[in-house]
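**Q** got a predicted structure plus its sequence, pasted below:
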Amino acid sequence: MRAAVIVFPGTNREKDIAEALERASGKKAQFVWHGDSDLPDVDLIVVPGGFSYGDYLRCGAMAGNSPVMRAVKQKADAGVRVLGVCNGFQILTETGLLPGVLMRNAQLKFICKKATLTVQNSDSDFSSAYSEGQRVVFPVAHNEGNYFADDATLDRLEGEDRVVFRYADADGTVNKAGNINGSQRNIAGILNEKRNVLGMMPHPENATDPAQGGTDGLGLFKSLAEVLQ
Ligand SMILES: NC(=O)CC[C@H](N)C(=O)O
């Protein structure tokens, strides 16, 4: 699996993602700087978490209009897999690669903790190593993770099986108590229509080694490594 990890000023999870990719695939990822408008020939592009351009205007707004994201959009349109985590998810919605927006958390506070999720859908290149309904624990660290889209978009996402992760309570039940940031329908991660782009707020890369307190995130990178070899 040949992977590129995009780095903006203020990105802070690029090394975590690169390590997780190497743990799953045995291969090193390439870093690509935000001003580059040419991307290397890769199978996977990762837009990692952090505070791109200091979160000015709103999270992901400036990065969404950067030269490198125009190139990412072209690659995504051509079928290359794209994974956006946290700030990366925000950037993908700003770019228009994924529907909806990430608003401020319902409680208007930064949330930094472990979150329980259920794997809603294991029929994707990003989640095939999980079983449907599996309970997983990934860390979250965000201020704007409150997923919002209109009802027609939400119905479409659900109808087309494009919701991959949902926030859940400690035993894996999807309910209001488990919805840590107020996201519509507990949505934590979604696919685009062609199913080659995944955006998600929680951080699977920070649950890929026992020293991080858990390895539930490894399945996501292994799913990709399996399909992309
Ligand atoms: N960890 C992250 O990627 C944080 C994303 C963004 N800066 C936020 O606070 O919502």
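**A** That came through, no problem. Residues are numbered from 1 along each chain as shown.
**Q** what's the local residue count around residue 163?
**A** 19 (other Cβ atoms under 10 Å). C-beta here means a position set from N, CA and C on the backbone, and glycine is covered the same way.
**Q** what about the residue nearest to it when sequence neighbours are not counted, distance to the ligand?
**A** With sequence-adjacent residues excluded and distances taken as Cβ to Cβ, 6 or more residues apart in numbering, residue 163 is closest to residue 120, at 4.9 Å. The span separating residue 120 from the ligand equals 22 Å under the rule Cβ to the nearest ligand atom, to the nearest Å.
**Q** for stretch 113-127, buried residues please.
**A** Taking 16 or more other Cβ atoms under 10 Å as the basis for neighbour counts, the residues of stretch 113-127 that come out buried are 115-122, 124-127.
**Q** quick one: that stretch to chain centroid distance?
**A** Offset of stretch 113-127 from its chain centre (Cα atoms, centre = their mean, to the nearest Å): 10 Å.
**Q** from start to finish, how long is that stretch in a straight line?
**A** From its first residue to its last, stretch 113-127 covers 22 Å (Cα to Cα, to the nearest Å).
**Q** also stretch 24-35?
**A** Distance across stretch 24-35, first residue to last, is 28 Å (Cα to Cα).
**Q** now that stretch: average pLDDT?
**A** Per-residue confidence for stretch 24-35 averages out to 95 on the pLDDT scale.
**Q** roughly how far is it from the heart of the chain?
**A** Centroid separation for stretch 24-35 versus its chain: 16 Å, with Cα atoms, centre = their mean.
**Q** go on, stretch 12-22?
**A** 13 Å.
**Q** hey, C-alpha coordinates of that stretch in CSV?
**A** As requested, the backbone C-alpha atoms of stretch 12-22 are provided in CSV (Å, rounded to 0.1, in the frame of the first residue of the first chain):
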residue,chain,number,x,y,z
ASN,A,12,-0.3,17.5,14.4
ARG,A,13,-1.3,13.8,13.8
GLU,A,14,0.7,13.1,10.6
LYS,A,15,3.3,11.0,12.4
ASP,A,16,0.7,9.1,14.3
ILE,A,17,-1.1,8.2,11.1
ALA,A,18,2.2,7.3,9.3
GLU,A,19,3.1,5.0,12.2
ALA,A,20,-0.4,3.3,12.1
LEU,A,21,-0.1,2.8,8.4
GLU,A,22,3.3,1.2,8.8
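**Q** for this structure, which residues are neighbours of the ligand?
**A** By the rule Cβ under 6 Å from any ligand atom, the part of the chain lying against the ligand is 49-51, 55, 59, 86-87, 141-145.
**Q** now, those residues that are in strands?
**A** Among these, DSSP state E puts 141-142 in strands.
**Q** which one of the residues of the chain next to the ligand is nearest residue 214?
**A** Top of the list for closeness to residue 214, among the residues of the chain next to the ligand and by Cβ to Cβ, is residue 141 at 14.9 Å.
**Q** the residue nearest to residue 163 against residue 131, yeah?
**A** No - using Cβ atoms under 8 Å, residue 120 and residue 131 do not qualify as a contacting pair, with a distance of 11.4 Å.
**Q** can you show me the strands along the chain?
**A** The residue ranges that make up the strands of the chain, judged by DSSP E, are 3-7, 30-33, 44-47, 81-85, 101-103, 111-119, 135-142, 146-148, 163-167, 187-191, 197-200.
**Q** could those go into a markdown table alongside distance to residue 223?
**A** Below are these laid out as a markdown table (distance: least, Cβ to Cβ, whole Å):
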| stretch | distance to residue 223 |
| --- | --- |
| strand 3-7 | 13 |
| strand 30-33 | 21 |
| strand 44-47 | 11 |
| strand 81-85 | 10 |
| strand 101-103 | 23 |
| strand 111-119 | 10 |
| strand 135-142 | 12 |
| strand 146-148 | 22 |
| strand 163-167 | 10 |
| strand 187-191 | 13 |
| strand 197-200 | 10 |
